[in-house]
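*Asks:* pasting the sequence and the predicted model now:
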Amino acid sequence: MKSNILVVDDEPIARQSLSDILRLEGYSVNAVPNGQAAVEYVRTHPVDLMIVDLRMPGMDGLEVVQVVNSVSPETEVVLLTAFGTTESAIQALRLRVHDYLLKPAPPSQVVNSVNKGLARRDARLKARAGTTADVEESDLNISLKDGTNIDLSRRLIQKKNQEVHLTPAEGRLLHVLIENPGRVYTHRELVLLVQGYDTSQREAPEILRPLVSRLRHKLEPFPALAESIVSVRGTGYLYEADK
């Protein structure tokens with residue numbers, strides 16, 4: 001099946017040029033002239049990846065990305081602009097934009113960016129489908145030596161009269177670690193497997209740290225389990241089964 005790409009640019013020549021380049025690569029391409037039209041299109045059509053001009057009259061590219069992140073979080077985004085600034089690049093990273101290209105970007109660079117973006121999307125969807133299915137459908141139960149029972153299918157931790165429920169993200173994180181005892185997962189790997197998107201190695205620890213902190217706080221009544229989640233300095237986390 002062809003991937004669906006949306007080109008968003010207020011310049012007719014740029015819009016047509018990008019569309020032609022991507023159609024020659026075999027993609028299904030649609031194009032719109034402004035941010036509002038892009039948002040309306042994404043609300044009613046599946047879009048795998050968007051190429052969005054940063055500077056447009058009315059709704060600009062970053063505003064489009066903010067809305068698309070809410071209504072279609074699986075859509076990858078490539079920002080394209082002739083007016084690159086450090087501030088806009090930083091904001092793009094915060095919005096988890098896949099790539100940031102300066103006009104005029106050569107066709108080979110555009111195609112390469114789109115291919116990588118779609119590959120990242122596929123990897124994220126596969127990871128999310130696998131971990132979500134495991135957590136929600138598995139009847140996996142683990143009993144620790146101290147009497148702690150872990151029911152990952154219900155995201156429930158119990159010991160005597162103590163009981164803690166985990167959020168879906170906390171459950172996915174614990175499941176990934178427990179299923180592979182002794183394996184060190186990098187921060188970036190865990191963000192992809194647990195949150196469902198790729199990010200930079202620099203940004204990943206900042207995204208993961210609050211989640212790990214919340215999980216450890218919930219697990220305080222179960223010290224044997226809490227101590228099994230071990231931080232590997234500068235790298236990531238692992239689960240030590242014999243803790």
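*Replies:* Arrived safely, thanks for sending.

*Asks:* low pLDDT regions in this protein?
*Replies:* Counting by pLDDT under 70, the chain has low-confidence residues at 83-96, 127-140, 196-198, 242-243.

*Asks:* break it into its domains for me.
*Replies:* 4-128, 145-239 (automatic domain parsing).

*Asks:* what about the strands in the protein?
*Replies:* For the chain, the strands defined by DSSP state E cover 4-8, 28-32, 49-53, 76-81, 99-102, 141-143, 149-151, 156-159, 162-165, 185-186, 229-232, 236-239.

*Asks:* which one of the ones you listed is the most hemmed in?
*Replies:* strand 49-53 (a mean of 27; mean count of other Cβ atoms under 10 Å). In this view, the C-beta of every residue, glycine as well, is placed from N, C-alpha and C.

*Asks:* packing partners of that one?
*Replies:* Judged by 3 or more Cβ pairs under 8 Å, 6 or more residues apart in numbering; DSSP states H and E, the packing partners of strand 49-53 are strand 4-8, helix 35-44, helix 61-71, strand 76-81, helix 107-137.

*Asks:* dump those into TSV; add distance to residue 153 as well.
*Replies:* Output for the helices and strands packed on strand 49-53, formatted as TSV (distance: least, Cβ to Cβ, whole Å):
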stretch	distance to residue 153
strand 4-8	34
helix 35-44	34
helix 61-71	30
strand 76-81	31
helix 107-137	7
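
*Asks:* how close does residue 60 get to residue 149?
*Replies:* Distance, residue 60 to residue 149, using Cβ to Cβ, to the nearest Å: 52 Å.

*Asks:* quick one: stretch 5-16 to chain centroid distance?
*Replies:* 26 Å (Cα atoms, centre = their mean, to the nearest Å).

*Asks:* how distant is stretch 51-63 from the center of its chain?
*Replies:* On Cα atoms, centre = their mean, the centre of stretch 51-63 falls 22 Å from that of its chain.
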